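Visitor: I need the structure of the sequence given here:
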Amino acid sequence: MEPMDIVGKTKEDASLPKATMTKIIKEMLPPDVRVARDTQDLLIECCVEFINLLSSESNEVCSKEERRTIAPEHVLKALGGLGFGEYIEEVYAAYEQHKVETMQDSLKGAKVSNRAEMTEEEALAEQQRMFAEARARMNGGSIASKQPDADQHLES
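Guide: Coordinates of the predicted model:
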């Protein structure tokens, strides 16, 4: 991909934070392994290219369904279409975990007296339930049989 291939953006505009990416790279490797700076830069560029590819494929999936907003199920279908089907279950589980964490953060941030906060045990139980549902959907072969609902709330 050329520097100006991303609609009106230069290569520098479409990058990831180096400090964060370096931390991720180092966390994935044994402590005694060193990574050259140019290798880190190459890995970061690969991540950017992967995100661009996945975004483009997700957009195509979305367009074929005559939708205007890319939804999580479009990304999951795009992963499969790009040959990354083995990661779909793990990505979906991470997405479900993110929803739970986001829900917890918003509950903690909202000081609503009539709604009790979810305990850590309840959150863990809900997370495990959601993972089990995701596994069941994946094993049943229906990746996006139930569209993720951004307005869905956990009851305490």
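Visitor: mean confidence score for the lengthiest helix in the chain?
Guide: If you go by DSSP state H, the chain has its longest helix at helix 37-64. Averaging pLDDT along helix 37-64 yields 96.
Visitor: which strands and helices sit next to it?
Guide: helix 18-28, helix 72-81 (3 or more CB pairs under 8 Å, 6 or more residues apart in numbering; DSSP states H and E). In short, each C-beta sits where N, CA and C put it, glycine included.
Visitor: Go through the ones you listed and name the closest to E89.
Guide: Taking CB to CB, helix 72-81 is the member of the helices and strands packed on helix 37-64 nearest to E89, at 9.4 Å.
Visitor: what angle separates the very next helix or strand once past the closest one from helix 72-81?
Guide: The first helix or strand that comes after helix 72-81 along the chain, using DSSP states H and E, is helix 88-109. If you take axes from the mean of the first three to the mean of the last three CA atoms, to 10 degrees, helix 88-109 sits at 160 degrees to helix 72-81.
Visitor: Enumerate the positions of the next helix or strand after helix 88-109 that are buried.
Guide: Using DSSP H and E, the helix or strand that directly follows helix 88-109 along the chain is helix 120-139. When burial is assessed from 16 or more other CB atoms under 10 Å, helix 120-139 yields the following buried residues: A123, E126, Q127, M130, F131, A134, R137, M138.
Visitor: and if you look at stretch 63-73?
Guide: For stretch 63-73, using 16+ other CB under 10 Å, the buried residues are I70, A71, P72, E73.
Visitor: likewise stretch 38-50?
Guide: Neighbour count says stretch 38-50 has L43, I44, V48 buried, by 16+ other CB under 10 Å.
Visitor: want to try TSV for the residues you listed, with distance to L82 as columns?
Guide: Output for the buried residues of stretch 38-50, formatted as TSV (distance: CB to CB, whole Å):
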residue	distance to L82
L43	19
I44	20
V48	16
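Visitor: where in this protein is pLDDT low?
Guide: 1-13, 108-117, 141-156 (pLDDT under 70).
Visitor: re earlier: between helix 18-28 and the longest helix of the chain, find me the angle.
Guide: Inter-element angle recorded for helix 37-64 and helix 18-28: 100 degrees (by the same axes, to 10 degrees).
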